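Participant: give the three-dimensional model of this entry:
(one chain, ligands or ions: 1)
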Amino acid sequence: MDPTVAAVLQLHNVSLQLGQRTVLEQVSCSVTTGRTLGIVGPNGAGKSSLLRLLYGEIQASQGQVLFHNKVINTYRRAELARQMAVVMQSPVPVFNLTTEQMVMLGLVPHKRWFDPTTSQDHHQLQLALEKTGLLALRSKKLAELSGGELQRAFIARALVQNAKVLLLDEPTNHLDVHYQHQILQLIRQLNLTIVCCLHDLNLAASYCDDILLLDQGRVQAFGPAEQVLTPKRLTRVFQQPCLLLAHDELARPVIHFYPKLRGDGHD
Ligand SMILES: Nc1ncnc2c1ncn2[C@@H]1O[C@H](COP(=O)(O)OP(=O)(O)OP(=O)(O)O)[C@@H](O)[C@H]1O
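Facilitator: Have a look, this model is predicted:
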């Protein structure tokens, strides 16, 4: 990674203890302006916990989390919200709101309570609904949306928030293949600094510049996607044989996990 480019978020030797459990151990990584960092790893690797540290929801037991070179917990919540939008896994929606009302909540960090809604706000709302394919559902109650539509509504809210940094935990959960690609393509085009937990390694390889591979709270590799996502490393970390399949029309090979075969050294 180019050290001359400004780091937006940095973790320096961060460890996290939750109850009796060491969830993260000596994790160091950073994300620089305009890049997309994918956090990948098996279940329980510590991906969501790391994201929660990055937006200051929980505090590191050891080490430092820096946002623009300042300790994250020294920021006021409102200040952070203006600079950082967060889409968590299965956030709890307020079901009696309509899609449009919920998406408009993205404006809250930028307004005082008596500020009126402007034509610019409505324009932003319109754009966010359009980009996430929710125009036709704008007046529907959240309770009436499918899991995927709800997920897109949370992403629309993050777009309206208009922050320079976007943190997402499994944003493609509940989305069909078309929307998985559409949403990731969309957020890439926004030229934001992005940190995104993903289970799907092919999506991570396609849409992330850098990858942090975690396993049991420890960094297994961190760096450019093509250097981190090697079949040998993925086979070891996921305990499932893996190979990369090249395709003429794809910029990156397809990551393929296959069943353990007798005598291939994986059983
Ligand atoms: N509040 C808590 N107290 C104790 N242990 C916790 C707590 N929250 C999470 N953990 C544990 O920390 C570990 C990491 O959890 P985390 O949710 O960060 O993993 P993950 O990589 O996001 O997992 P998944 O892929 O399953 O979503 C898990 O073993 C989990 O059980």
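Participant: and the strands in the stretch 101-250 of the chain?
Facilitator: Taking DSSP state E, counting those that start in this stretch, the strands of the stretch 101-250 of the chain run over residues 165-169, 193-197, 210-215, 218-224, 242-245.
Participant: using TSV, lay out these together with mean pLDDT, distance to the ligand and mean neighbour count.
Facilitator: All C-beta spots, glycine's among them, are computed from the backbone N, C-alpha and C. Below are those laid out as TSV (pLDDT from 0 to 100; distance: least, C-beta to the nearest ligand atom, whole Å; neighbours: other C-beta atoms under 10 Å):
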stretch	mean pLDDT	distance to the ligand	mean neighbour count
strand 165-169	95	7	23
strand 193-197	97	6	25
strand 210-215	98	7	24
strand 218-224	98	12	16
strand 242-245	95	18	14
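Participant: among those strands, which is nearest residue 235?
Facilitator: strand 242-245 (4.7 Å; C-beta to C-beta).
Participant: need the contact partners of that closest one.
Facilitator: 229-231, 234-235, 253-258 (C-beta atoms under 8 Å, 6 or more residues apart in numbering).
Participant: paired strands for it, with orientation please.
Facilitator: strand 254-257 (antiparallel) (DSSP bridges).
Participant: show me the contact partners of the strand it pairs with.
Facilitator: Against strand 254-257 from outside (C-beta under 8 Å, 6+ apart): 201-202, 205, 229, 231, 234, 238, 240-245, 247.
Participant: pull out the buried members of those residues.
Facilitator: 201-202, 205, 229, 234, 238, 241-242 (16 or more other C-beta atoms under 10 Å).
Participant: show me what the spatially most central residue of the chain is bridged to.
Facilitator: With distances taken as C-alpha atoms, centre = their mean, residue 196 lies nearest the centre of the chain, 2.0 Å away. Beta bridges link residue 196 to residue 38, residue 168, judged by DSSP bridges.
Participant: which residues touch it?
Facilitator: Counting by C-beta under 8 Å, 6+ apart, the residues that residue 196 touches are 36-39, 166-169, 171, 187, 204, 207-208.
Participant: try 7 Å this time
Facilitator: By C-beta atoms under 7 Å, 6 or more residues apart in numbering, the contact list for residue 196 reads 36, 38, 168, 171, 208.
Participant: now the helices for this protein?
Facilitator: 47-54, 77-83, 99-104, 119-131, 147-161, 177-189, 201-207, 225-228, 231-238 (DSSP state H).
Participant: what helices or strands is the last one leaning on?
Facilitator: Looking back up the chat, that one is helix 231-238. Counting contacts by 3 or more C-beta pairs under 7 Å, 6 or more residues apart in numbering; DSSP states H and E, helix 231-238 is packed against strand 218-224, strand 242-245.
Participant: just the first one next, same as before
Facilitator: Contacts of helix 47-54 with other secondary structure elements, assessed using 3+ C-beta pairs under 7 Å, 6+ apart, are made with strand 7-18, strand 21-32, strand 36-40, strand 165-169, strand 193-197.
Participant: may I have that helix as PDB, with CA atoms only?
Facilitator: These are the backbone C-alpha positions of helix 47-54, laid out as PDB (Å, rounded to 0.1, in the frame of the first residue of the first chain):
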ATOM      1  CA  LYS A  47     -15.300  -9.500  11.200                       C
ATOM      2  CA  SER A  48     -18.400  -7.700  12.700                       C
ATOM      3  CA  SER A  49     -16.600  -7.000  15.900                       C
ATOM      4  CA  LEU A  50     -13.800  -5.300  13.900                       C
ATOM      5  CA  LEU A  51     -16.400  -3.200  12.100                       C
ATOM      6  CA  ARG A  52     -18.000  -2.200  15.400                       C
ATOM      7  CA  LEU A  53     -14.600  -1.000  16.600                       C
ATOM      8  CA  LEU A  54     -14.100   1.000  13.400                       C
END
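Participant: nice, that's everything, thank you.
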